[in-house]
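Peer 1: Mind folding the following:
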Amino acid sequence: PVTSLARQFGRHDSYTPDALDVDLGRQLILDTVRPITGSERLPLCSALGRVLAETILSPIAVPAHDNSAMDGYGLRADDLAADGDTTLEIAGTALAGQPFNGSLQPGQCVRIMTGARVPAGVDTVVMQEVAHAAAGRVTLPPGQRKGQNIRRAGEDLRAGTPALPAGRLIRPAELGLIASLGIGNVAVRRRLRVAFFSTGDEIVSIGNAAREGQIYDSNRYTLLGMLTRLGFEVIDIGVVRDDPHTLETTLRDAATRADAIITSGGVSVGEADFTREVMARLGEVLFWKIAMKPGRPLAFGRIGQPDAEGDGGAWLFGLPGNPVAAMVAFYQFARPALLRLAGVDPVAEPPLLQVGCTQAIRKAPGRTEFLRGVLFRDGADWKVRTTGPQGSGLLSSMADANCFIVLGQTQGNVAVGELVQVQVLDGIV
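Peer 2: Okay, here's the model as predicted:
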């Protein structure tokens, strides 16, 4: 069994479940979850967005041979004049894929193209832009250096050395690198399976008529979008009513089908008391009050018991019910943890940029605030403003935003023109 989460987290001096710091809460979760172990082998063309399950060793040297870094003329540095111009006879041409196999004599050079194998004896390439060729000869200016403009064999990778580590997310550059090694298939982690549902009697699914006091379920669609963009296998369970038996049955079933479960709603103080009781019976779940706005209530834990290897059961992320609060909590807590579960190593934290704010913002110290913002160019400078009203139920503010304005826990009011931290949404959304 996993060590008690409460005992594990309680070892940290600053652990306070009634006002948990954002950074500490994120790190506690990342330190707790472990990557899934299953893997599969895929053709390279199907591996985009997947996570490498093993380190790729380069079977060849890259480049495979010394080659020219640009179009120009290959020569011996010893043939360069000590002072003034150098004129050499052009003995032939070396093209990429069509090497020059002749033998250079003193006073000769070869016309060489980018990527072409460097002929024997050539140790320097002079770019064509400074050369003047005529009647089978070329004149080169002084100032050339021995070894210039040549890419050496194995300069990028030596045969037998790691090309990409296990845990690397396969992006377009990784696809190209693997292909350059002649590797046609790769071992990747299986897709993370994530089940999700909304809770509450007031929630109505699209297609059903909303009665007075009911609202349409938007959280399932934002969760669907956020999870799908991460490349996970998603299991949409729908809307679960405020009923202990239904919730327990749903969580038990989800824990057998998924690696992680995400719920929205039912974690705030004053909401149905049975939520904690049900989750406690099924595993260990901690309920926190995060020192942040929006998204103060958060639940994290495990449903079901893992085996000796840590497999079995499912990690649970209980997000707030308000639409914006659910999205902020997902991006700041669930997203990095799910990436760690999927095997991504290391999980890169989105950078925080310093940008001038064009408006005054009221804030009291004591919690981290994530305001929806618009990052824009003003002449040569980047600036940021809020999207307007910041209520946690205003989903339109997320649709209008391209960044979060992150105001730290100890920060107070922001003056016009003051630098603030900005977390750009492009790349995490």
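
Peer 1: Please state the mean pLDDT value computed over stretch 280-294.
Peer 2: Taken as a whole, stretch 280-294 has an average pLDDT of 89.

Peer 1: What are the buried residues along that stretch?
Peer 2: Neighbour-count burial for stretch 280-294, counted by 16 or more other Cβ atoms under 10 Å, picks out 282-294. C-beta coordinates here come from the backbone N, C-alpha and C atoms, glycine included.

Peer 1: Return the set of residues that bridge with V138.
Peer 2: L88, A133 (DSSP bridges).

Peer 1: Check the spacing between it and V125 real quick.
Peer 2: For V138, the distance to V125 equals 12 Å [Cβ to Cβ, to the nearest Å].

Peer 1: same check, this time on D85
Peer 2: Here the criterion is Cβ to Cβ. By it, D85 lies 17 Å from V125.

Peer 1: cool, and P141?
Peer 2: Counting by Cβ to Cβ - P141 and V125 are separated by 14 Å.

Peer 1: These two: which has the busier surroundings?
Peer 2: Higher neighbour count among P141 and V125: V125, with 27 against 12, using other Cβ atoms under 10 Å.

Peer 1: And the helices in the stretch 251-400 of the chain, which stretches?
Peer 2: 274-282, 323-329, 335-341, 395-400 (DSSP state H, counting those that start in this stretch).

Peer 1: out of those helices, nearest to F232?
Peer 2: F232 sits nearest to helix 335-341 of all the helices of the stretch 251-400 of the chain, at 7.0 Å, using Cβ to Cβ.

Peer 1: So which elements touch that closest one?
Peer 2: In terms of contacts (3 or more Cβ pairs under 8 Å, 6 or more residues apart in numbering; DSSP states H and E), helix 335-341 is packed against helix 22-32, strand 260-264, strand 314-319.

Peer 1: That helix - what's its average pLDDT?
Peer 2: The model assigns helix 335-341 a mean pLDDT of 97.

Peer 1: From the chain's centroid, how far away is it?
Peer 2: Chain-centre distance of helix 335-341: 10 Å, with Cα atoms, centre = their mean, to the nearest Å.

Peer 1: Same check on stretch 126-145?
Peer 2: Offset of stretch 126-145 from its chain centre (Cα atoms, centre = their mean): 47 Å.

Peer 1: So which residues make contact with that stretch?
Peer 2: Stretch 126-145 is contacted from outside by 70-73, 75, 77, 80-81, 83-90, 109, 111, 124, 148-149, using Cβ atoms under 8 Å, 6 or more residues apart in numbering.

Peer 1: List only buried entries from the residues you listed.
Peer 2: 70-73, 75, 80, 86, 88, 109, 111, 124, 149.

Peer 1: can you put those residues in a markdown table and add distance to C45?
Peer 2: Shown next, in a markdown table, are the buried ones among the contacts of stretch 126-145 (distance: Cβ to Cβ, whole Å):
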| residue | distance to C45 |
| --- | --- |
| M70 | 31 |
| D71 | 32 |
| G72 | 36 |
| Y73 | 39 |
| L75 | 42 |
| L80 | 47 |
| T86 | 48 |
| L88 | 46 |
| C109 | 42 |
| R111 | 37 |
| T124 | 40 |
| N149 | 34 |
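
Peer 1: quick check, nearest of the residues you listed to I428?
Peer 2: Scanning the buried ones among the contacts of stretch 126-145 for proximity to I428, where the rule is Cβ to Cβ, the winner is M70, at 38.4 Å.

Peer 1: Tell me the pLDDT of the closest one.
Peer 2: At M70, pLDDT is 96.

Peer 1: contacting residues around it?
Peer 2: Counted by Cβ under 8 Å, 6+ apart, M70 has contacts 114, 125, 127-128, 149.

Peer 1: Of the residues you listed, which belong to strands?
Peer 2: Per DSSP state E, strands hold the following members of the contacts of M70: 125, 127.

Peer 1: want to throw the contacts of M70 into CSV with pLDDT and distance to L247?
Peer 2: Output for the contacts of M70, formatted as CSV (pLDDT from 0 to 100; distance: Cβ to Cβ, whole Å):
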residue, pLDDT, distance to L247
T114, 97, 64
V125, 98, 71
M127, 97, 70
Q128, 96, 73
N149, 98, 68
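
Peer 1: that older thread, the buried residues of stretch 280-294: which two are farthest apart?
Peer 2: Maximum distance among the buried residues of stretch 280-294 (Cβ to Cβ): 30.0 Å, for L282 and K293.

Peer 1: Thank you kindly, that will do.
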